[in-house]
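Peer 1: Please find the sequence and the predicted model below.
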There are 4 protein chains.
Amino acid sequence: MTKTPTKAATAKAATHKPETRGEAAAPASSRATRAAERRAAIVEAAMEEFIARGFAATRLDDIAKRAGVAKGTIYLHFKDKESMFEELVRTVIVPVVARLNALPPLTGSVRDLIEAFANNFLKEVIGTRRGDLVRLIVAEGPRFPSVADFYYREVVSRGMAGMRALIELAIARGEIRERDLARYPQILIAPAMIAVIWQSLFARHAPLDAQDMLRVHLDLIFGERRTT
Amino acid sequence: MTKTPTKAATAKAATHKPETRGEAAAPASSRATRAAERRAAIVEAAMEEFIARGFAATRLDDIAKRAGVAKGTIYLHFKDKESMFEELVRTVIVPVVARLNALPPLTGSVRDLIEAFANNFLKEVIGTRRGDLVRLIVAEGPRFPSVADFYYREVVSRGMAGMRALIELAIARGEIRERDLARYPQILIAPAMIAVIWQSLFARHAPLDAQDMLRVHLDLIFGERRTT
Amino acid sequence: MTKTPTKAATAKAATHKPETRGEAAAPASSRATRAAERRAAIVEAAMEEFIARGFAATRLDDIAKRAGVAKGTIYLHFKDKESMFEELVRTVIVPVVARLNALPPLTGSVRDLIEAFANNFLKEVIGTRRGDLVRLIVAEGPRFPSVADFYYREVVSRGMAGMRALIELAIARGEIRERDLARYPQILIAPAMIAVIWQSLFARHAPLDAQDMLRVHLDLIFGERRTT
Amino acid sequence: MTKTPTKAATAKAATHKPETRGEAAAPASSRATRAAERRAAIVEAAMEEFIARGFAATRLDDIAKRAGVAKGTIYLHFKDKESMFEELVRTVIVPVVARLNALPPLTGSVRDLIEAFANNFLKEVIGTRRGDLVRLIVAEGPRFPSVADFYYREVVSRGMAGMRALIELAIARGEIRERDLARYPQILIAPAMIAVIWQSLFARHAPLDAQDMLRVHLDLIFGERRTT
DNA sequence: GATGAATGAGGATTCATTCAT
DNA sequence: CATGAATGAATCCTCATTCAT
């Protein structure tokens, strides 16, 4: 009982805060840094909870507990539950976008590039927390147009544009025969998306070898690879 | 829809009981019939609401209002909100299953059959309430394992088995070259699923010509069709 | 579904009802009789439920089920739940009152008479449904002044008056020495009441030999009996 | 009672924390203290309501209103209505138990001691809120076995044991002749219990001079007192 | 008279949000 | 800045009562 034993006493003299060690030693962990850490912890915790329960069924209490902060603290970082959700998606999506933009060099064949991309997707998205986020967006999209908008604008449309460019290049180079494919990059991506959804819904009924499936799909598009 | 449409009309003439189908086409509406109608109205209304808001955010009150019944009436048909959701999915899915089982004749080529199937899917699922239901299942699946189970068992596994059989037949007949495709019927279905999701999330940003996309996809799998 | 298979068909021809055996044989069971039976069944069922759960927690649904009638039927006999409770107590109490009035002959000693009375109370009240009713009245009395009033008027005051008369007689005859006892017949009755309450609350923790206790109490009041 | 009585007063002067008892008698009111006060207010209010209406008919809303807190606050102190009731009885009973344990010295005669006890009971229980609690336990006991258990264990069995010891002592000293009384301390207590119940049910029909009744009862057991 | 489906007011409980400390 | 006690609107569910059959 009787928490808050400080406050009054530290009010003025409290230039130093907990972690403070000596004078200059570890000036790090400034107030701003600690705030950022807290925010990160909240985002992380919120992700977990929203993915596990969906937006409406998630309790701020649980997020706070998981993040190790008090409920009120959340409101220092986010206006309310709704905008927390929206900002959350943004925050988590941004790095993904960054990576998309950082197109790899593109030296060998288009297929090699796409295969590399697929492998990366396999490791980083399918069956991971990030994959669950995709499912979450599918789930909550209709109730959060701004989220769907953002996701479309930042991820989908860019990804599609990139894919389309690659497909066109592959067609030009003769790697892909089906010329109409360029109009529907979705076809190229579809199995990957299905894999994402499959893993969160049906994995336990029927495990899916996503890597092999994606390989087959690429074979279908690029023609079977002559095994080296 | 169709609330108490009779009553006044049957008041006197209805000396005969239930199934009465005499005279015109009007009466019918025995107590049992009315109950069934009510249940149907509730199911219908619940569908709309759950699709629009998700499970947790849907208010029983709104379902009742939309169905034109009192709140309490819902509890005459369903134990609680949760089992209503579960039964609802079952109820709506069953007819779909029935249709899946009613395999079409299969006379011409496999491609023709699949194309017919795709066209049907296009009309009946993509962009319709039924399509939204699929998205709903994707959204709520993790929180309703029984729903995901049911859906997997009744729809996914059966659909996959059927597709696999068709693919194998097509391979045997030489319609499809990629032999590994039989291991992943998901690849065949993926674009259709993507179309379903696309329509509810991104249609307004970028309309998708699902029919054309599916055609391209089939061309990819079966080889381009020599336009008659 | 569709119960009520009779009604219309029996409407006129139904002079005979279930129990009806032969023509004149048992003309009884007229409509009025059946109604009375139903009412009795409801009263009986209500007693059980009210005793087990108290007034507020008892569901009319359960009473109806236990009585084997439809919920609506209850309203043909009672205005509402509240007055059902009140009438119920009256109905059940009346026979008790009748018996109280039917004072036994009074031949031998007053002690013999009271002992006989105690034994009767032991058999008919303590540890029985009737005893539970007493507890029920204690429980609901404050919320049902009319019930408490009725009980006081019909049972308590009469019982007290009767006891007082007996005590005075016993004092006059020299059976009881403590003259002031006539002012507090409650003292004479108290252990019996305690036994009633004890049986429904603590019997399972510590069984009480009510008969022996009452004997000891009478010994206390009348002096120990010279064992014959 | 006593809602936030401080606050304004302590605002500035309260550089020192909690238990502050300086200056006048006012401040104190730390957060923990305030919580305790609130809990006490809820317990107090709940007592009143439960006694007045019984468990099932009592509305949490009314308790909150009477306690001067919001509905939700109750749930910060109690898990639900049921455990509130159970804890409530415990909370209120405990001090009583404490007093029972604090046996008085026992100098003079046993009768004097019991008389003192009776007078205390008269003042503290009969016709008071505490007496009503006894009636409440009788009323709700069957539906709250844990409450009946607790009450039996903490109050009844202890009280009975104490009474039995006194009775045996009185018998040994020759103050009481009826040796069997030791087997049924209930007889000694019965009139007091009856008085408790009488006051809440019939007081307004026929007021009872409980003190006088208890005196007569003790005369019956110990023999008439030779008025000094 | 009987029935039981339908009603909707009422009440327990939850949880996002606020704010004094 | 951080905290978490307090709030009360919102929501699920129950159940006494009605009434068409």
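Peer 2: Thanks, I have the structure now. Numbering: from 1, shown residues only, chains lettered A, B, ... in the order given.
Peer 1: Domains of chain A: list them as residue ranges, please.
Peer 2: Domain assignment for chain A by automatic domain parsing gives A:29-78, A:85-222.
Peer 1: could you dump those to CSV with mean pLDDT, mean neighbour count and distance to D:V155?
Peer 2: For every residue, glycine as well, the C-beta is placed using N, CA and C. Conversion of those to CSV gives the following (pLDDT from 0 to 100; neighbours: other CB atoms under 10 Å in any protein chain shown; distance: least, CB to CB, whole Å):
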stretch, mean pLDDT, mean neighbour count, distance to D:V155
domain A:29-78, 92, 16, 39
domain A:85-222, 92, 17, 54
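Peer 1: how about the ones you listed in TSV, adding distance to chain D?
Peer 2: Formatted as TSV, the domains of chain A follow (distance: least, CB to the nearest CB, whole Å):
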stretch	distance to chain D
domain A:29-78	13
domain A:85-222	24
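Peer 1: To chain C, which of those domains lies closest?
Peer 2: Nearest of those to chain C, taken as CB to the nearest CB: domain A:29-78 at 31.3 Å.
Peer 1: That closest one and DNA strand F, any residue contact?
Peer 2: Yes. Using CB under 7 Å from any atom of the strand, domain A:29-78 comes into contact with DNA strand F via A:R31, A:A32, A:R34, A:A35, A:R38, A:V69, A:A70, A:K71, A:G72, A:T73, A:Y75, A:L76.
Peer 1: May I ask which two of those are separated the most?
Peer 2: The span of those, defined through CB to CB, is set by A:A32 and A:K71 at 22.3 Å.
Peer 1: Now chain A against DNA strand F: closest residue?
Peer 2: Residue of chain A nearest DNA strand F, by CB to the nearest atom of the strand: A:G72 (1.9 Å).
Peer 1: Name the SS class of that residue, please.
Peer 2: helix (DSSP: H, G, I helix; E, B strand; the rest coil).
Peer 1: anything in the longest helix along chain A sitting right up against DNA strand E?
Peer 2: As assigned by DSSP state H, the longest helix anywhere in chain A is helix A:31-53. No. Under the criterion of CB under 7 Å from any atom of the strand, DNA strand E is not reached by helix A:31-53; the shortest gap measures 9.3 Å.
Peer 1: so who does the nearest residue to A:A182 once chain neighbours are set aside touch?
Peer 2: Spatially, and ignoring its direct neighbours in sequence, A:A182 is nearest to A:I167 (4.7 Å; CB to CB, 6 or more residues apart in numbering or on different chains). Counting by CB atoms under 8 Å, 6 or more residues apart in numbering or on different chains, A:I167 touches A:I176, A:L181, A:A182, A:P185, A:L188.
Peer 1: out of these, what pair is the most spread apart?
Peer 2: A:I176 and A:P185 (11.7 Å).
Peer 1: coming back round to it: spell out whether the longest helix of chain A and chain B are in contact.
Peer 2: Yes. Applying CB under 8 Å from any CB of the partner chain, one finds helix A:31-53 touching chain B at A:A52, A:R53.
Peer 1: by contact count, what packs against that helix?
Peer 2: In terms of contacts (3 or more CB pairs under 8 Å, 6 or more residues apart in numbering or on different chains; DSSP states H and E), helix A:31-53 is packed against helix A:60-67, helix A:71-77, helix A:81-101, helix A:129-140.
Peer 1: and of the ones you listed, who's closest to C:K81?
Peer 2: Taking CB to CB, helix A:60-67 is the member of these nearest to C:K81, at 39.9 Å.
Peer 1: That closest one vs helix A:31-53, what angle?
Peer 2: 120 degrees (axes from the mean of the first three to the mean of the last three CA atoms, to 10 degrees).
Peer 1: got the contact list for stretch A:48-55?
Peer 2: Counting by CB under 8 Å, 6+ apart, A:58-59, A:62-63, A:66, A:81, A:85, A:88, A:129, A:132-133, A:135-136, A:139-140, A:143-144, B:54-57, B:139-140, B:142-143 sit against stretch A:48-55.
Peer 1: same deal with stretch A:198-213?
Peer 2: The list of residues contacting stretch A:198-213 from outside it, by CB under 8 Å, 6+ apart, reads A:119, A:122, A:126-127, A:131-132, A:135, A:191-192, A:195, B:137-138, B:141-142, B:148-149, B:152-153, B:156-157, B:183-184, B:186-187.
Peer 1: helix/strand/coil for A:P207?
Peer 2: Reduced to three states with three-state DSSP, the structure at A:P207 is coil.
Peer 1: Give me the contact list for stretch A:109-120.
Peer 2: Contacts to stretch A:109-120, defined as CB under 8 Å, 6+ apart, come from residues A:104, A:106, A:166, A:169-170, A:173, A:175-176, A:188, A:192, A:211, A:214, A:218, A:222, A:225.
Peer 1: Span of stretch A:166-183 from start to end?
Peer 2: Chord length of stretch A:166-183, first to last residue, is 12 Å (CA to CA, to the nearest Å).
Peer 1: Quick one: residues in contact with stretch A:72-83.
Peer 2: For stretch A:72-83, the external contacting residues (CB under 8 Å, 6+ apart) are A:R38, A:R39, A:I42, A:F55, A:L60, A:I63, A:A64, A:A67, A:M84, A:E87, A:F144.
Peer 1: Does stretch A:123-141 reach chain B?
Peer 2: Yes. Residues of stretch A:123-141 are located near chain B by CB under 8 Å from any CB, namely A:R135, A:I137, A:V138, A:A139, A:E140, A:G141.
Peer 1: hang on, isn't the first one packed against A:I197?
Peer 2: Yes. Contact status for A:R135 versus A:I197: in contact at 6.1 Å, counting by CB atoms under 8 Å.
Peer 1: what's the overlap in contacts for these two?
Peer 2: Joint contacts of A:R135 and A:I197 (CB under 8 Å, 6+ apart) are B:V138.
Peer 1: Please list the residues of chain A that sit near DNA strand E.
Peer 2: A:T4, A:A57, A:T58, A:R59, A:L60, A:D61, A:K71, A:G72, A:Y75, A:D80, A:K81, A:E82.
Peer 1: Can you tell me how far A:A36 is from chain B?
Peer 2: Using CB to the nearest CB, to the nearest Å, A:A36 is found at 31 Å from chain B.
Peer 1: Kindly report the residues of chain A close to DNA strand F.
Peer 2: A:3-4, A:31-32, A:34-35, A:38, A:69-73, A:75-76.
Peer 1: Now for these: which two are most distant?
Peer 2: Greatest spatial distance in the residues of chain A next to DNA strand F: A:K3 and A:A32, 24.5 Å, computed using CB to CB.
Peer 1: does A:P142 sit in a helix, a strand or a coil?
Peer 2: Following three-state DSSP, the label given to A:P142 is helix.
Peer 1: Tell me the backbone dihedrals of the closest residue to it other than its chain neighbours, please.
Peer 2: Leaving aside its chain neighbours, A:P142 sits nearest to B:S200 (6.2 Å; criterion: CB to CB, 6+ apart). Dihedral pair for B:S200: phi -80, psi -20, per degrees, to the nearest 10.
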